[in-house]
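**Student:** have a look at this fold, sequence not included:
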């Protein structure tokens, strides 16, 4: 009875806040001159801002002060709120505060992955190899190339309906071949291209079996799926480090987040030094604090952004991530069914969601139409915001498109890219958030069917500009008139 009441409370809260996001009512004028609501299907790149979090951040700014000192009211409030933000996030991802710490970084997930790659490297310098998958975003690929001597890319299992996540047998082969050289495995929990979900705890068990650590890129998972880092009953399945970003978790303007084991961080000097992380500085030496998160957060942090992110996390947790994931599943399943019934579409990663679960994203192409032209028409004619190209995941996109591209261009070389090749070598991605609706999906389906039916007349209105983008011949909205920082400031000062 109590669980039913709690579930209903979560559903009620979800219904209450589902449309409480900045930007959902944003309208633009389309090619025909009609002003319509923007349909935002680019949440995987950056999600919209949760209005209550923005409001709480604004309220907090009335009390803003730096942290650490508590000798005046505002400093005490800031310190307490910032401390709460760390604790709230640890709880949200199921990280035991006795074992793990949370700290904030700049530049989102990228900053955190760079940081932990250096930490793991310095913890065990004799282990010089990192293993990642071919499906990683560049932020979970390039840092390892930069900081480790060798990076091994594990392939996906194949290109059929049910095999687009990391190959566990190939991962184990790589760990065995590493023969004690593998320092860590770093894997995305959810692909930013296909939305396919990886079995991170199974991967953790394999990594730990061969003496390696496991880092998880949670940029695409934390806002969409239940996350639990620590499983005391099954230590090998525990995650050693998790990194995610607030701008993909309904809080643009907030920092990146790292959750890592205290023991790992205490074993070496902090990667970054400066104010706040030292207990004492003398002329000839300095003494690093042992307290977390202070020792990992040199300098003045993004206090308002961290508090706004934790406020968003608080709401998501009150809804319940299982409840939220089930609601989002309805959208992704409906979208897949609608798009799968359009024969002219190529949907990457297959369409069998039951056998190959997804979260948030579907990437596709319309046969015979460049991805950039599809994205431009969706925007200009239908006010549907999607993303196109390769989504900072070139090896994965190449893996999925290689056979089709080879028919027109021969052997694929992403390092030697003509303009024509780049207009073909990419996809269109529709991605969803907890504010996405069945109406949004229906509008996308209708728009794609219209594009396919009327492509000859629609495409005749487009040309390719110097940046290799498709632009309409006569529709040139003045975006500075729609919004510019200086214009907004002028209006404010004039008012």
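**Tutor:** That came through fine. Predicted model only: the values in this text are computed from it and were never measured. Numbers count the residues shown, from 1 in each chain.

**Student:** is it true that residue 473 touches residue 464?
**Tutor:** No. In this structure, residue 473 is not within contact of residue 464 by Cβ atoms under 8 Å, at 11.3 Å. C-beta: built from backbone N, CA, C; applies to glycine.

**Student:** more neighbours: these two, which one.
**Tutor:** The neighbour comparison of residue 473 against residue 464 (other Cβ atoms under 10 Å) goes to residue 464, with 15 against 9.

**Student:** residues in a beta bridge with the more buried one, which ones?
**Tutor:** Beta-bridge partners of residue 464, counted by DSSP bridges, are residue 470.

**Student:** and it, what does it touch?
**Tutor:** By Cβ atoms under 8 Å, 6 or more residues apart in numbering, the residues touching residue 464 are 419, 423, 470-471.

**Student:** which stretches of the stretch 151-300 of the chain aren't confidently modelled?
**Tutor:** For the stretch 151-300 of the chain, the stretches with pLDDT under 70 are 158-163.

**Student:** same thing but at 80, please
**Tutor:** Across the stretch 151-300 of the chain, the ranges flagged by pLDDT under 80 are 158-164.

**Student:** show me where it has helices.
**Tutor:** 168-178, 200-209, 262-266 (DSSP state H, counting those that start in this stretch).

**Student:** buried sites along the last one?
**Tutor:** The reference is to helix 262-266. Using 16 or more other Cβ atoms under 10 Å as the test for burial, helix 262-266 gives 262, 264-265.

**Student:** correct me if wrong: residue 38 contacts residue 26.
**Tutor:** Yes. Residue 38 lies in contact with residue 26 (Cβ under 8 Å); the separation is 4.7 Å.

**Student:** more neighbours, those two?
**Tutor:** residue 38 (17 against 14).

**Student:** contacts only, for the more buried one.
**Tutor:** 23, 26-28, 383-385.

**Student:** can you tell me the closest non-neighbouring residue to residue 306?
**Tutor:** Leaving out its chain neighbours, the residue that sits closest to residue 306 by Cβ to Cβ, 6 or more residues apart in numbering is residue 85, at 4.6 Å.

**Student:** walk me through the domains of this structure.
**Tutor:** 2-49+320-482, 54-318 (automatic domain parsing).

**Student:** gap between the first one and the chain center?
**Tutor:** If you compare the mean C-alpha spot of domain 2-49+320-482 with that of the full chain, they lie 16 Å apart, counting by Cα atoms, centre = their mean, to the nearest Å.

**Student:** could you number the chain from 599 rather than 1 from now on?
**Tutor:** That works, and once the first residue is 599, the last one we named lands at domain 600-647+918-1080.

**Student:** scan the chain for its longest helix.
**Tutor:** What stands out as the longest helix in the chain, according to DSSP state H, is helix 1036-1057.

**Student:** re earlier: what is the subsequent helix or strand relative to whichever strand or helix holds the residue nearest to residue 904?
**Tutor:** Here residue 683 sits within helix 671-690, counting by DSSP states H and E. Next in sequence after helix 671-690, counting helices and strands by DSSP H and E, comes strand 698-703.

**Student:** give the rounded mean pLDDT of that next one.
**Tutor:** Averaging pLDDT along strand 698-703 yields 97.

**Student:** could you do stretch 1056-1064 as well?
**Tutor:** Mean pLDDT, stretch 1056-1064: 97.

**Student:** and that stretch, how far apart are its ends?
**Tutor:** 21 Å (Cα to Cα, to the nearest Å).

**Student:** rewinding a little: list the contacts of the longest helix of the chain.
**Tutor:** Contacts for helix 1036-1057 (Cβ under 8 Å, 6+ apart): 637-639, 928-929, 932-933, 936-937, 940, 942-943, 964, 967, 971-972, 975-976, 979-980, 982, 1028, 1030.

**Student:** show me the shaky parts of the stretch 899-1048 of the chain.
**Tutor:** 1010-1015.

**Student:** sorry, back to before: which one of the contacts of residue 636 is nearest residue 780?
**Tutor:** When the contacts of residue 636 are ranked by distance to residue 780 (Cβ to Cβ), residue 983 comes first, at 40.7 Å.

**Student:** my read: residue 825 touches residue 689, true?
**Tutor:** No. Between residue 825 and residue 689 there is no contact under Cβ under 8 Å: 11.0 Å.

**Student:** these two: who's more crowded?
**Tutor:** Using other Cβ under 10 Å, the more surrounded residue of residue 825 and residue 689 is residue 825, with 21 against 15.

**Student:** need the nearest residue in space to that one, chain neighbours excluded.
**Tutor:** Per Cβ to Cβ, 6+ apart, closest to residue 825 is residue 691, 4.6 Å.

**Student:** list the contacts of residue 747.
**Tutor:** By Cβ under 8 Å, 6+ apart, the neighbours of residue 747 are 726-727.

**Student:** what does residue 797 give?
**Tutor:** Applying Cβ under 8 Å, 6+ apart, the residues near residue 797 are 763, 766.

**Student:** what of residue 856?
**Tutor:** Shown in contact with residue 856 (Cβ under 8 Å, 6+ apart): 700-703, 710, 713-714, 839-841, 894.

**Student:** so which of the residues you listed is the most crowded?
**Tutor:** Going by other Cβ under 10 Å, residue 710 tops those with 31 neighbours.

**Student:** the stretch 899-1048 of the chain: strands as residue ranges?
**Tutor:** Along the stretch 899-1048 of the chain, the segments classed as strands by DSSP state E, counting those that start in this stretch run 943-945, 959-964, 982-983, 985-987, 1025-1029.

**Student:** just say which of the ones you listed is most tucked in.
**Tutor:** Among these, strand 1025-1029 has the highest mean neighbour count (mean count of other Cβ atoms under 10 Å), at a mean of 27.

**Student:** restricted to buried residues, select the contacts of helix 1036-1057 in PyMOL.
**Tutor:** Applying 16+ other Cβ under 10 Å to these, the buried members can be selected in PyMOL as follows:
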select buried, resi 637+638+639+929+932+933+936+937+942+943+964+967+971+972+975+976+979+980+982+1028+1030
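
**Student:** the contacts of helix 1036-1057 in helices, which ones?
**Tutor:** Secondary structure from DSSP H places 928-929, 932-933, 936-937, 971-972, 975-976, 979-980 of the contacts of helix 1036-1057 in helices.

**Student:** farthest-separated two in those?
**Tutor:** 928 and 971 (30.6 Å).

**Student:** nearest to residue 956, of the helices of the stretch 749-898 of the chain?
**Tutor:** Nearest to residue 956, of all the helices of the stretch 749-898 of the chain, is helix 798-807, at 15.0 Å by Cβ to Cβ.

**Student:** angle of the closest one against helix 766-776?
**Tutor:** Angle, helix 798-807 to helix 766-776, by axes from the mean of the first three to the mean of the last three Cα atoms, to 10 degrees: 20 degrees.

**Student:** which one of the helices of the stretch 749-898 of the chain lies closest to residue 630?
**Tutor:** With Cβ to Cβ as the criterion, residue 630 lies closest to helix 798-807 of these, at 46.4 Å.

**Student:** neighbours of residue 883, just the number please.
**Tutor:** Close neighbours of residue 883, defined as other Cβ under 10 Å, add up to 7.

**Student:** so who does it touch?
**Tutor:** Neighbours of residue 883 in contact, by Cβ under 8 Å, 6+ apart: none.

**Student:** test my guess that residue 819 contacts residue 788.
**Tutor:** Yes. Between residue 819 and residue 788 a contact is recorded at 4.3 Å, counting by Cβ under 8 Å.
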